[in-house]
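Q: Build me a structure from this.
(2 chains)
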Amino acid sequence: MENFEFVVKHVCKQSGARIGELRTPHGVIETPVFMPVGTVGTVKGVKPEELKELGAQIILSNTYHLFLRPGDKTVKAAGGLHKFMNWDRPILTDSGGFQVFSLSELRKVSDEGVAFRSHLSGEKFFITPEKCMEIQNNLGADIIMAFDECTKAGASYEQAKSACERTTKWLKRCYDAQKNQNQMLFPIIQGNVYKDLREKSLSEVAPYARCGIAIGGLSVGEPKEVMYEILDFLKPKYPENMPRYLMGVGSPDCFVEAVARGVDMMDCVLPTRIARNGTALTKRGKMIVRNACYKEDFTPIEDDCDCYACKNFTKAYIRHLICSDEMLGAQLLSIHNLRFLTRLSEQVKKAIWEDRLLDFKEEFLKDFKW
RNA sequence: GGUUGGGUUGUAGAGUGGUCAAAUACAUCAGACUGUAAAUCUGACGCCUCCGGCUUCGAUGGUUCGAAUCCAUCCCCAACCA
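A: Got it, this is the predicted structure:
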């Protein structure tokens, strides 16, 4: 795969965390990286130029959502997702595997695939691994994800085992169906909180990994400590020379904890979602800017933040926008929250270069309350 | 000055003898949010020593076992007529 390459630039002597560079057809991604989520081909409330300004290197989109609307064929006709949404940096599309989990009321899983009822119209669709690859080929993201079965927190061993087996079988079918040299397929490890299943899943899935491997089925409701334990368990077992992508994580504390456990890539809806609901990320934890105590607080969300919102607006103003249901409030908080994560990733990278990530983690978590 | 309608817990607005501390909406306050069915959802919203008690429905007085609801007087508001 000459279009993709991952190079480890440095390994933190203190933590084992890595600095890496992942080359893709749309540019190089420096890891560890936080990837903003733009489910339907837009990071809600944030323009592409703003994403670039705040340091987003790659964004996520979703197979299931774009398949339903506007349709992958339409995106293809537009010239692919990059052109359609005017984003020339790398894109990763999730496979719809997470929707197998989150839309559990609207779907039925079988070995052949997943029967979905559209959450928009109720119309029935059947998504197979092959169909999933076809859609993702049409969308044209740089990194595409295997179609997996994600289990919920509290799933029984049997359920988790069955989901793992299915995920492996589906991966083989995805692999056979994926022919596009400009798209890198990431396999996904499942196994819920069961270490033997995680290990088995990893060993079954790793042979299919060419330039990246993903850890799925975490941060779905289990305690953070349990997630950290699984990451610790997996850390020495990954295949060499490829980035590890922890799917759906996370909050700033989880981001730092995961990088310290060898994770290179993460994505999460949290920063943009809580922004729309009136909450800002700060180094002390979350700040509910909507709260009355900021009514006449004419200072920025964070004094030392370099984002557009902090450089130009006060908490009192943003609170006013949020309370007035003005869309600019959500936009400004989204920019701030995403910048918070990209800035955090920059700080983390610096600490790795300096071989002091564990020190940084301790310092960061000392003040950060979640 | 007259006629009519009306004054209900922040606002609007139900309720017209007991099941009413009083529907509902909005506002307000607080919380949640982790591969986005989320610009969504949850809770609180008279007071208290809160599995119980206390004080409320313009004011005062009355009828009644019992009143936000019925009667009397007064105060205020709106529309219209002079």
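Q: Show me what counts as buried in stretch A:278-293.
A: A:278-282, A:286-287, A:289-290 (16 or more other Cβ atoms under 10 Å). Glycine gets a C-beta too; all of them are placed from N, C-alpha and C.
Q: So which residues make contact with it?
A: For stretch A:278-293, contacts defined as Cβ atoms under 8 Å, 6 or more residues apart in numbering pick out A:252, A:271, A:274, A:277, A:301-302, A:315, A:318-319, A:322-323, A:329, A:333, A:336-337, A:340-341, A:364, A:367-370.
Q: Just give the nearest non-adjacent residue to the residue in the stretch 1-150 of chain A that RNA strand B sits nearest to, would you?
A: RNA strand B sits closest to residue A:150 of the stretch 1-150 of chain A, with a gap of 2.5 Å, by Cβ to the nearest atom of the strand. Nearest residue to residue A:150, sequence neighbours excluded (Cβ to Cβ, 6 or more residues apart in numbering): residue A:101, at 3.9 Å.
Q: Skip ahead from the host helix or strand of the one you found and say which helix or strand is next.
A: Element membership for residue A:101 (DSSP states H and E) is helix A:97-102. Using DSSP H and E, the helix or strand that follows helix A:97-102 in sequence is strand A:107-109.
Q: tell me what that next one is packed against?
A: helix A:97-102, strand A:114-117 (3 or more Cβ pairs under 8 Å, 6 or more residues apart in numbering; DSSP states H and E).
Q: so which of the ones you listed comes closest to residue A:308?
A: Closest approach to residue A:308 among the helices and strands packed on strand A:107-109 is made by helix A:97-102 (30.1 Å; Cβ to Cβ).
Q: Can you point out the buried residues in that closest one?
A: Result for helix A:97-102 [16+ other Cβ under 10 Å]: buried residues A:97-101.
Q: Stretch A:257-276 too?
A: Per 16+ other Cβ under 10 Å, stretch A:257-276 contains these buried residues: A:257-268, A:270-272, A:274-276.
Q: show me which of the residues you listed neighbour RNA strand B.
A: The subset of the buried residues of stretch A:257-276 within reach of RNA strand B, by Cβ under 7 Å from any atom of the strand, is A:267-268, A:270, A:272, A:274, A:276.
Q: Pick the one among the residues you listed closest to residue A:227.
A: Of those, the one sitting nearest to residue A:227 (Cβ to Cβ) turns out to be residue A:268, at 13.0 Å.
Q: ok, the residue nearest to the closest one when sequence neighbours are not counted - how many residues close by?
A: Distances taken as Cβ to Cβ, 6+ apart place residue A:250 nearest to residue A:268, at 5.1 Å, with adjacent residues excluded. Counted with other Cβ atoms under 10 Å, the neighbours of residue A:250 add up to 24.
Q: if I look at residue A:250, how far off is residue A:132?
A: 25 Å (Cβ to Cβ, to the nearest Å).
Q: looking at the sheet around residue A:125, what are its partners?
A: residue A:116 (DSSP bridges).
Q: show me the contacts for it.
A: A:67-68, A:115-118.
Q: Pull out the buried members of the residues you listed.
A: By 16+ other Cβ under 10 Å, these give A:67-68, A:116 as buried.
Q: Spatially nearest residue to the residue lying farthest from the centre of chain A (excluding sequence neighbours)?
A: Distance from the C-alpha centroid of chain A, by Cα atoms, centre = their mean, peaks at residue A:296 (35.4 Å). In space, residue A:296 comes closest to residue A:316 once its chain neighbours are excluded; the distance is 5.6 Å by Cβ to Cβ, 6+ apart.
Q: average pLDDT across stretch A:289-304?
A: The average pLDDT within stretch A:289-304 is 97.
Q: Could you work out the end-to-end span of that stretch for me?
A: For stretch A:289-304, the first-to-last residue distance is 17 Å (Cα to Cα, to the nearest Å).
Q: anything in it near RNA strand B?
A: Yes - Stretch A:289-304 is in contact with RNA strand B by Cβ under 7 Å from any atom of the strand, via A:290-293, A:295.
Q: got CSV for those, with secondary structure too?
A: Formatted as CSV, the residues of stretch A:289-304 next to RNA strand B follow (DSSP: H, G, I helix; E, B strand; the rest coil):
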residue, secondary structure
A:290, coil
A:291, coil
A:292, helix
A:293, helix
A:295, coil
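Q: re earlier: which ones are touching the residue nearest to residue A:150?
A: A:149-152, A:220.
Q: Check residue A:343 too.
A: A:55, A:305-306.
Q: Only whichever of those residues are buried, select them in ChimeraX.
A: To isolate the buried members of these in ChimeraX, using 16+ other Cβ under 10 Å:
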select /A:55,305
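Q: Looking at the contacts of residue A:343, which is nearest residue A:164?
A: Out of those, the member with the shortest distance to residue A:164 (by Cβ to Cβ) is residue A:55, at 35.7 Å.
Q: ok, that closest one touching residue A:346?
A: Yes - with contact defined as Cβ atoms under 8 Å, residue A:55 and residue A:346 form a contacting pair (7.2 Å).
Q: residues near residue A:236, how many?
A: 8.
Q: one step back: which members of the buried residues of stretch A:278-293 occur in strands, if any?
A: The strands, defined by DSSP state E, take in A:279-282, A:286-287 from the buried residues of stretch A:278-293.
Q: next helix or strand past the longest helix anywhere in chain A?
A: Ordering each helix of chain A by length in residues (DSSP state H) puts helix A:327-353 first. Counting by DSSP H and E, the next helix or strand C-terminal to helix A:327-353 is helix A:357-367.
Q: what mean pLDDT does that next one have?
A: 98.
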